[in-house]
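In: Okay, sequence plus prediction incoming.
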Amino acid sequence: MYVCVCHAVTEERVREEIAAGATTPRQVAGGCKAGTDCGSCVRRIQAMLGHEGARPCPTARLAARLGLAGPEA
C-alpha cells in the first residue's frame, strides 16, 4: 500500500527507512522523500514509527484508526 502518493512511497519502503534507523518523519523523508510534498502522509508515517517502536505514536486513537494498535489495545 502506498503511504505517500506524491512520491510513490510504499509502506515497505517506509519500514526499510525505520529499520535503517529513522526515528522521525523528517529522517524518513530524508531517505525516501515521503512527506516532503503535500504532507498528507506525515500522520501515517508518525503512526508507523510508533508501531515499529521508533517513536511514540501521536495518539493511540490514530494508531487504532489506521489499524496499527498494539496488542495492549
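Out: Nice, thanks for sending it over.

In: okay, CA-based contacts and neighbour counts for the rest of this
Out: Will do.

In: Quick check: Q27 is in a strand.
Out: No. Q27: not assigned to a strand; according to DSSP: H, G, I helix; E, B strand; the rest coil it is helix.

In: center of this protein, which residue is that?
Out: Central residue of the chain (CA atoms, centre = their mean): I45, 1.8 Å from the mean position.

In: give the contact list for that residue.
Out: V3, V14, P25 (CA atoms under 8 Å, 6 or more residues apart in numbering).

In: Which of the helices or strands spans the first one?
Out: It stands for V3. Element membership of V3, judged by DSSP states H and E, is strand 2-4.

In: For that strand, give me every contacting residue.
Out: Residues outside strand 2-4 that contact it (CA under 8 Å, 6+ apart): A8, V9, T10, E11, V14, A34, G35, S40, C41, R44, I45.

In: Now G31. Nearest residue, chain neighbours left out?
Out: E17 (6.5 Å; CA to CA, 6 or more residues apart in numbering).

In: hey, where'd the strands end up in the chain?
Out: In the chain, the segments counted as strands under DSSP state E are 2-4, 9-10.

In: Same list (the ones you listed) but as JSON lines, adding mean neighbour count, distance to G67 and mean pLDDT.
Out: Listed next are the strands of the chain as JSON lines, based on neighbours: other CA atoms under 10 Å; distance: least, CA to CA, whole Å; pLDDT from 0 to 100:
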{"stretch": "strand 2-4", "mean neighbour count": "20", "distance to G67": "14", "mean pLDDT": "96"}
{"stretch": "strand 9-10", "mean neighbour count": "17", "distance to G67": "16", "mean pLDDT": "97"}
